[in-house]
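Undergrad: Here is my input, please return the structure:
(one chain, ligands or ions: 1)
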Amino acid sequence: MSFIFENVRKIYRTGEVEVPALNDVSIACGKGEIIVILGPSGSGKSTFLNVAGGIDRADGGQVTVQGENLHEMNDRQLTLFRRKHAGFIFQSYNLISALTVRENVETGADISDHPLSPDEILDKVGMSEHQHKFPHQLSGGEQQRTAIARAIVKNPSILFCDEPTGALDEETGKKILSLIQEINVIYGTTILMITHNPGIADMAHTVMKMKSGKIIETVKNEAPIPAEQVKWV
Ligand SMILES: Nc1ncnc2c1ncn2[C@@H]1O[C@H](COP(=O)(O)OP(=O)(O)OP(=O)(O)O)[C@@H](O)[C@H]1O
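TA: All right, here's what the predicted structure looks like:
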């Protein structure tokens, strides 16, 4: 299993108000799967992803990712866990503006014990010809491809994607999804992806639907479709 949540709770407290962002969540997902999380705004999707990725801590229950119990880890161990296992792709690309495309990608390789070749990954994401440009010289899709390259060059076992196509048009978005699907197939990387686009669920092996901090439905898909056939909603 790539990750197991057992009765996980996460409560945000703002003054007197308590928001149960994860309310007794249990799920187990297999290695090498594409898992898509759907649900309305505020349903707990990002909280789930952040807890699974070791960015945030649960308040109760057990979280086991790649066989490691995140609940028992201190901050330093969580940092090492993220470095070893996790790649992150967010809607905002978070590239370093003073570094070129290639240098941004190399920052991903530098923190890994077993990185992939930056040349190979730049080629895979179609950014070799732009590798000496700076982020402000790139389109949104090119910036997202650079961010993906930086995440995958470290060879993570799980890629956490929070709305990776949210800011992109259909054509560029589908290219990014194809790339994510290709990474899943070639490297066996588990993909955990949040989206507001229900069409993207058709390319997943598992679809998790969330509402009010709970998983209300888990659907297994025996025949995920190629990303380019995704219905863009
Ligand atoms: N740092 C925080 N402090 C207080 N409340 C928070 C915090 N982060 C999230 N919440 C609350 O927890 C709940 C779940 O938020 P979360 O971001 O996980 O939802 P989401 O499904 O990812 O939403 P969206 O689709 O809008 O990104 C929401 O009610 C949100 O307001």
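Undergrad: can you pull the buried residues of the longest helix seen in the chain?
TA: When the chain is parsed with DSSP state H, its longest helix is helix 170-187. By neighbour count with 16 or more other Cβ atoms under 10 Å, helix 170-187 contains the buried residues T172, G173, K174, K175, I176, L177, L179, I180, Q181, I183, N184. Backbone N, C-alpha and C define where each C-beta goes, glycine included.
Undergrad: do the same with stretch 196-212
TA: In stretch 196-212, residues buried by neighbour count (16+ other Cβ under 10 Å) are N197, I200, A201, D202, M203, A204, H205, T206, V207, M208, K209, M210.
Undergrad: As JSON lines, those with pLDDT, distance to K133 and secondary structure would be great.
TA: Below are the buried residues of stretch 196-212 laid out as JSON lines (pLDDT from 0 to 100; distance: Cβ to Cβ, whole Å; DSSP: H, G, I helix; E, B strand; the rest coil):
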{"residue": "N197", "pLDDT": "93", "distance to K133": "29", "secondary structure": "coil"}
{"residue": "I200", "pLDDT": "96", "distance to K133": "29", "secondary structure": "helix"}
{"residue": "A201", "pLDDT": "96", "distance to K133": "34", "secondary structure": "helix"}
{"residue": "D202", "pLDDT": "97", "distance to K133": "34", "secondary structure": "helix"}
{"residue": "M203", "pLDDT": "97", "distance to K133": "30", "secondary structure": "helix"}
{"residue": "A204", "pLDDT": "97", "distance to K133": "33", "secondary structure": "coil"}
{"residue": "H205", "pLDDT": "96", "distance to K133": "35", "secondary structure": "coil"}
{"residue": "T206", "pLDDT": "96", "distance to K133": "37", "secondary structure": "strand"}
{"residue": "V207", "pLDDT": "96", "distance to K133": "37", "secondary structure": "strand"}
{"residue": "M208", "pLDDT": "96", "distance to K133": "37", "secondary structure": "strand"}
{"residue": "K209", "pLDDT": "97", "distance to K133": "40", "secondary structure": "strand"}
{"residue": "M210", "pLDDT": "97", "distance to K133": "38", "secondary structure": "strand"}
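Undergrad: which of the residues you listed are close to the ligand?
TA: Of the residues in these, proximity to the ligand by Cβ under 6 Å from any ligand atom holds for none.
Undergrad: ok, so of the residues you listed, who is nearest the ligand?
TA: M210 (6.4 Å; Cβ to the nearest ligand atom).
Undergrad: Which residues are in contact with that closest one?
TA: M210 makes contact with I37, L38, G39, S43, G44, K45, F48, I216, according to Cβ atoms under 8 Å, 6 or more residues apart in numbering.
Undergrad: so the residue nearest the centre of the chain bridges to which residues?
TA: Closest residue to the average C-alpha location of the chain: F160 at 1.5 Å, with Cα atoms, centre = their mean. Beta bridges link F160 to F88, L192, judged by DSSP bridges.
Undergrad: distance of it from H130?
TA: 25 Å (Cβ to Cβ, to the nearest Å).
Undergrad: All the helices of this protein, in order from the start?
TA: Remark: helices assigned in the chain by DSSP H are 45-52, 75-85, 101-110, 118-124, 140-152, 170-187.
Undergrad: would CSV of the ones you listed with distance to the ligand be doable?
TA: Converted to CSV, the helices of the chain look like this (distance: least, Cβ to the nearest ligand atom, whole Å):
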stretch, distance to the ligand
helix 45-52, 3
helix 75-85, 17
helix 101-110, 24
helix 118-124, 28
helix 140-152, 18
helix 170-187, 17
